[in-house]
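K.L.:
Structure for the following, please:
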Amino acid sequence: MINRYPGKCECCGKRVEAHAGILEHKYGRKFIVWHPACFDSSDNSSYEDRCCGDRAYEDQCADRCGF
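P.N.:
Presented below is the predicted three-dimensional model:
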């Protein structure tokens with residue numbers, strides 16, 4: 001999902017402008033924002049499996065466990 005508001009990249013800590021980054025799941029009331037390049041370098045899934053790769057699996061497990 002694309003971010004609507006500016007934020008700080010979870011990986012490199014630099015500013016991510018609005019509509020220029022990737023928005024990931026939220027912790028409490030806080031959303032996680034990434035630069036696209038930072039997100040790609042931190043994701044262990046292959047390009048073909050990106051839509052349902054490691055992050056999707058971890059998020060699904062966390063949701064089912066109530067985290």
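K.L.:
for the residue nearest the centre of the chain, helix, strand, or coil?
P.N.:
Nearest to the mean C-alpha position of the chain, by Cα atoms, centre = their mean, lies Glu24 at 3.2 Å. Each residue gets one of three states, and Glu24 gets strand by DSSP: H, G, I helix; E, B strand; the rest coil.
K.L.:
which residue packs closest to it, ignoring adjacent ones?
P.N.:
For Glu24, ignoring the flanking residues on the chain, the nearest one in space by Cβ to Cβ, 6 or more residues apart in numbering is Ile32 at 4.2 Å. (Glycine included, C-beta is placed from N, CA and C.)
K.L.:
What's the local residue count around that neighbour?
P.N.:
18 (other Cβ atoms under 10 Å).
K.L.:
Going by neighbour count, list what's buried in the strand or helix carrying it.
P.N.:
Assignment of secondary structure by DSSP states H and E places Ile32 within strand 30-34. By 16 or more other Cβ atoms under 10 Å, the buried positions in strand 30-34 come out as Phe31, Ile32, Val33, Trp34.
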